[in-house]
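Trainee: Attaching a predicted model along with its sequence, questions to come.
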Amino acid sequence: MPELTNHLWMSITNLGGAGLTLPLALAIALWLAAGYSWRMAASWVFVLGVAIGLVTLTKIAFLGWGVGVRELDFTGFSGHAMTSTAVYPVAFFLMLQGTPNFVRLTGMLTGLGIGVAVAFSRVVLDAHSPSEAVTGCIVGALTAMVFARYWWHARAQRISTAVVALSLAAITVALHNVHVPTHRWVTDIALTVSGHDRPFVRATWKPTGAPRAPNAPISQTLNDLVPLQQRA
């Protein structure tokens, strides 16, 4: 049934929402600080922060000035795709500490698979174009790979893998349907820094030869941007 299919894709896409992935990222940082070192935790926050900043800048560039790539239907990296492909592999990296390398690598690939599924759901739900979902995955995967490669041989001394796994699983279940209006916040920032009254939207940007701000009210343009749920 279409309703069940749509519900399934919404459940998958919610795995990449900021209301879930950001608390997971924070929990990972706290466990890294408690079980490894503050330096390791800080490096995780730094690489993820850089990735989030990159996603945010591409969104601000489009919403504020209409900067994008029409040929690829690209208006900014998918935040859902980026955060899920960055956070879930590192979550498995943390939960599987002390296991053989191939087990840990398999876990990280599983986390990457979750992120790819989230990215695909964004395309199915018309929240992002394929180019935005794919590039978001690339940014997120690179973030996880850089962190894991640098810290692969680090060993925890003071944490239980079972407790870590249970805590991260509990956060995932508890916050799965929590939505944070990140797109609205980014839109407000874009309008503030650009000085425009209304954001650029895909519907008025893609078909024309030159980018222009829409004539519709902001509330309508936001609805055009997110036909099924707020984008991130």
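Mentor: Arrived safely.
Trainee: now A18: how far from W152?
Mentor: 28 Å (Cβ to Cβ, to the nearest Å). Heads up, the C-betas are built off the backbone N, CA and C, glycines and all.
Trainee: how about low-confidence regions in this protein?
Mentor: Low-confidence regions of the chain, defined by pLDDT under 70, span residues 1-4, 207-232.
Trainee: what ranges do the helices span in it?
Mentor: In the chain, the helices defined using DSSP state H lie at 2-14, 18-35, 38-65, 79-95, 101-124, 130-151, 161-174, 182-194, 202-205, 218-225.
Trainee: Report the buried residues of the longest one.
Mentor: Read that as helix 38-65. Neighbour-count burial for helix 38-65, counted by 16 or more other Cβ atoms under 10 Å, picks out 40-41, 43-44, 47-48, 51-52, 54-56, 58-65.
Trainee: Could you do the first one as well?
Mentor: Along helix 2-14, the positions that meet the burial threshold by neighbour count (16+ other Cβ under 10 Å) are W9, I12, T13, N14.
Trainee: Let me have those residues in JSON lines, adding distance to P199 as columns.
Mentor: Written out in JSON lines, the entries for these read as follows (distance: Cβ to Cβ, whole Å):
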{"residue": "W9", "distance to P199": "26"}
{"residue": "I12", "distance to P199": "27"}
{"residue": "T13", "distance to P199": "22"}
{"residue": "N14", "distance to P199": "24"}
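Trainee: Just name the closest of those to F92, please.
Mentor: F92 has its nearest neighbour among those in I12, at 17.5 Å by Cβ to Cβ.
Trainee: most centrally placed residue in the protein?
Mentor: To find the centre residue of the chain, average its C-alpha atoms and take the closest one (Cα atoms, centre = their mean): that gives T83, at 2.7 Å.
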